[in-house]
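> Fold the following and give me the result.
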Amino acid sequence: MKLYDLLKEIDFERLAGSTGEKKARDIFKKHLKAWGLKSKEHKFELNSFDTGTAEVIHKKTKLKAHPLGLVKTTEVSGELCFIENSELVLCQKGTLKNKIVLTYTRSPILADRLKEEGVVAVIYITPPYKDVYCMNLRQKSFEEGAVPAVYISYNDAKILSQKCGENITVKIEQLAEKRKSYNLVVDIPGTGADRTLTCLVAHYDTVALSHGANDNAAGSVVCMKIAEHYSQHPPLRDLRIILFSGEELGLCGSFAYVNKYKDELKDKMGLCINVDVSGDDVGTDKFYALATIEILGYVDGIFKEEGLVFNKALDIYSSDCMPFSVYEIPSINLAREGGESTFFIHTKYDSYDKVTQRGLEATFNATKILCDRLLNSKIYPVKSGIDPSLRDKIEKYLFNSTREEPKLEWKKKYEK
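As a prediction, the model looks like this:
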């Protein structure tokens, strides 16, 4: 199987819980069956939506916008207030009630504050030279009733920003509801070195409008190519490949999977390898070790032995590795960034024509090297654990993602 050919097969929108998600999953299952591999579907529930439309109306002028995922059908009017940096809201309270805010900054904390301030809608500005961004509300924000929000283009924002103090209308049409979604799981048994489990994961869902070639059809096809390889060359240790859905809606698939199988994962798992974002023909190869300094050095060393030089960091990574970190299961997160396809992430232009076989092979080669070392070494070469310096970052990330107090299971120092 050629990486680029499979990527073109799934070049369509794949919202979690949609017919597009099922279509992609069926394509994966067809290939896995041809390679003699059995797959299982792991079902979970999440809040999802159908891609909607939006517009911002000022008198007779209508500006095209795009609603955040999970925002429901609504129409609101109010006085426009332009705040380039909405952190101003944290410093100045009680001035935005019943207003519509146009802003260049977005974060979960600020979104909560806008709701507390009585803002009736928020209009976020896409950076210049990009098409309108496609982003999503958090699951809990949807359930609690977030402020209606849309994105507009940078050029339209320049026009709209001149209308401060005037009345405008934000109109959104979008269905959002509870749905079923599915992770796809493939187990490739080892021939008996020991029972340590390595998980190779990627997410195959997309944001609205986007075909998600870079983010993250690329990671998905890398995992599929690894599955094909080990179907023909059984490893010494067990490999589990998981294609998660619902990542773009708040890591829903990975949270659901890890929560259900946490006892097995805590008992057997050695390392998670997460592949998220790849395909740039010219780009920068990176890996983020949500792990220990020792694992960071180990991975950097084996890559260099094979002639690969990656930028590296000991840090968290906003992807499906995060639910594993709750139980101190370390992860290596592989990415290729900085080129044309990465530039268009979360827009309608993240499509197969921005990705190349060469860009995909760069990430595949690194993934295969790492898998081969972990699965076929005489002794499993890494120990579980996450550097204590990352704990605060993990806690903050998980809270901002779920808006619930994270229940972390850190080992006591004397147990290490």
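> same for the worst-scoring helix or strand of the chain on mean pLDDT, what does it pack against?
Sorting the helices and strands of the chain by mean pLDDT, DSSP states H and E puts helix 88-91 at the bottom, at a mean of 79. With contacts defined as 3 or more CB pairs under 8 Å, 6 or more residues apart in numbering; DSSP states H and E, helix 88-91 has these neighbours: helix 108-116. Backbone N, C-alpha and C define where each C-beta goes, glycine included.
> Quick one: residues in contact with the helix or strand just after the helix it packs on.
Downstream of helix 108-116, the first helix or strand assigned by DSSP states H and E is strand 121-125. Here strand 121-125 makes contact (CB atoms under 8 Å, 6 or more residues apart in numbering) with 56, 65, 68, 76, 78, 100-104, 106, 111, 114, 133, 135, 147-152, 154, 157, 160, 170.
> What of stretch 219-226?
For stretch 219-226, contacts defined as CB under 8 Å, 6+ apart pick out 1, 3, 6-7, 10, 24, 28, 31-32, 200-204, 239, 241, 243, 274-278, 360, 363-364, 367-368, 371.
> Regarding the protein, what is its longest strand?
If you go by DSSP state E, the chain has its longest strand at strand 176-188.
> which neighbours does it have in its sheet, and in what orientation?
Sheet pairing for strand 176-188, assigned by DSSP bridges, gives strand 39-49 (antiparallel), strand 238-244 (antiparallel).
> Test my guess that I172 contacts V71.
Yes. Using CB atoms under 8 Å, I172 makes contact with V71 at a distance of 5.8 Å.
> Compare these two and say which is more crowded by neighbours.
V71 (25 against 22; other CB atoms under 10 Å).
> quick check: mean pLDDT across whichever helix or strand comes after the least confident helix or strand of the chain?
From helix 88-91 onward toward the C-terminus, using DSSP H and E, the following helix or strand is strand 99-103. Summarised as a single mean, pLDDT over strand 99-103 is 96.
> CA atoms only: put strand 99-103 into PDB for me.
Provided in PDB are the C-alpha atoms of strand 99-103 (Å, rounded to 0.1, in the frame of the first residue of the first chain):
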ATOM      1  CA  LYS A  99     -22.900  43.200  23.300                       C
ATOM      2  CA  ILE A 100     -21.300  41.200  20.400                       C
ATOM      3  CA  VAL A 101     -17.500  41.000  20.700                       C
ATOM      4  CA  LEU A 102     -15.100  40.900  17.800                       C
ATOM      5  CA  THR A 103     -11.700  39.700  18.900                       C
END
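> Give me the angle between it and strand 121-125.
If you take axes from the mean of the first three to the mean of the last three CA atoms, to 10 degrees, strand 99-103 sits at 10 degrees to strand 121-125.
> Adjacent strands (with direction) for strand 99-103?
strand 74-83 (parallel), strand 121-125 (parallel).
> Return the distance of that strand from the chain's centre.
Distance, stretch centre to chain centre, for strand 99-103: 27 Å (CA atoms, centre = their mean, to the nearest Å).
> partner residues bridging R179?
L46.
> Show the contacting residues for it.
Applying CB under 8 Å, 6+ apart to R179 gives the contacts 16-17, 45-48.
> Make a PyMOL selection of the buried ones in the contacts of strand 121-125.
This is how PyMOL selects the buried members of those, with burial counted by 16 or more other CB atoms under 10 Å:
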select buried, resi 56+65+68+76+78+100+101+102+103+104+106+111+114+133+135+147+148+149+150+151+152+157+160+170
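> thinking again about what came up before, please work out which of the strands paired with strand 99-103 is packed deepest.
Greatest average neighbour count among those goes to strand 121-125 (a mean of 25), per mean count of other CB atoms under 10 Å.
> Now it - C-alpha only, PDB.
What follows is strand 121-125, C-alpha atoms only, in PDB (Å, rounded to 0.1, in the frame of the first residue of the first chain):
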ATOM      1  CA  ALA A 121     -22.200  36.400  20.700                       C
ATOM      2  CA  VAL A 122     -18.500  36.400  19.800                       C
ATOM      3  CA  ILE A 123     -16.800  36.800  16.400                       C
ATOM      4  CA  TYR A 124     -13.300  35.400  16.200                       C
ATOM      5  CA  ILE A 125     -10.800  36.600  13.500                       C
END
